[in-house]
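Engineer: Requesting a structural model of the entry that follows:
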Amino acid sequence: MKKISLLLAVLLAVSAPAFAKKDEAWVIKKTKVSEDKFAKTQTIIFPTLKPTLMSDFKKITGQNTPGGKFFVRIIKDKETSSMQIYYEKTNTSWGFYNSALDQDGTNLKFTEIASSTDTGGGILTTHEEFTIDISKDTLEKYKDQNYLIKVYGKNDNFIFYLPDYYINGILKFINENQN
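Structural biologist: Below you'll find the predicted structure:
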């Protein structure tokens, strides 16, 4: 009986981070800031989200989870600042992703970063990385709701979203750390 209780306690401890309550405070706590003294830039990386762990994903998007993971990052230098969603998509076939629109039909700047394959376990897995530019103004507009984005490719399309708590965490972090 003690062994079973210990095993359950270990399993709960290991899985707890994936199911931790996610809110503005979680976003701010998990945000990482780094400085590049050579390039004279600051990079702010907000926590990674995985659609497969977003319990209300299908209800919000009307689709099954697309897989992969994403995060928002801000890259700043003395004169400019850019905000991007960095998405890493894995699948069993190529999506050849090349563009994105938001829920208002706004065309979002899309940049392909990398693509690769893996045959581990005898199964072909494709890996595609891309960024989608967004703005603080857009996040302000959607701070009280989820922000939906549709990604288009030659072989696949999918929808994902930034949850409202994530948007509010980003905005609060930005407002508390402006310099």
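Engineer: close enough to count as contact, Lys58 and Thr65?
Structural biologist: Yes. In this structure, Lys58 is within contact of Thr65 by C-beta atoms under 8 Å, at 7.3 Å. (Glycine included, C-beta is placed from N, CA and C.)
Engineer: Tell me which of the two has more neighbours.
Structural biologist: Ranked by neighbour count (other C-beta atoms under 10 Å), Lys58 and Thr65 place Thr65 first, with 15 against 12.
Engineer: residue contacts, the residue nearest to the more buried one when sequence neighbours are not counted?
Structural biologist: In space, and not counting its chain neighbours, Thr65 is closest to Pro51: 4.1 Å by C-beta to C-beta, 6 or more residues apart in numbering. Applying C-beta atoms under 8 Å, 6 or more residues apart in numbering to Pro51 gives the contacts 57, 65-69, 160.
Engineer: repeat for Gly95
Structural biologist: 89, 126, 128, 151, 153-156, 158.
Engineer: Quick check, Asp23 in contact with Gly169.
Structural biologist: Yes. Asp23 is within contact range of Gly169, at 7.4 Å (criterion: C-beta under 8 Å).
Engineer: Next, name the residue at the spatial heart of the protein.
Structural biologist: Closest residue to the average C-alpha location of the chain: Phe70 at 2.4 Å, with C-alpha atoms, centre = their mean.
Engineer: Confirm that that one sits in a helix.
Structural biologist: No. According to DSSP: H, G, I helix; E, B strand; the rest coil, Phe70 belongs to no helix; its state is strand.
Engineer: ok, it touching Phe158?
Structural biologist: No. Counting by C-beta under 8 Å, Phe70 does not reach Phe158; the two are 11.4 Å apart.
Engineer: Start from the N-terminal end of the protein and give the strands.
Structural biologist: Here the chain has its strands, by DSSP state E, at 32-36, 41-45, 69-76, 81-91, 97-102, 107-108, 110-118, 125-134, 147-153, 157-162.
Engineer: what's the angle from the fifth one to strand 81-91?
Structural biologist: Pointing back at strand 97-102 there. 120 degrees (axes from the mean of the first three to the mean of the last three C-alpha atoms, to 10 degrees).
Engineer: Can you check what pLDDT the model gives Lys2?
Structural biologist: Lys2 carries a pLDDT value of 53.
Engineer: Ok, Leu49 next?
Structural biologist: Per-residue confidence (pLDDT) for Leu49: 96.
Engineer: Can you tell me which of the contacts of Gly95 are buried?
Structural biologist: Burial by neighbour count, 16 or more other C-beta atoms under 10 Å: within the contacts of Gly95 this picks out 89, 126, 128, 151, 153, 156, 158.
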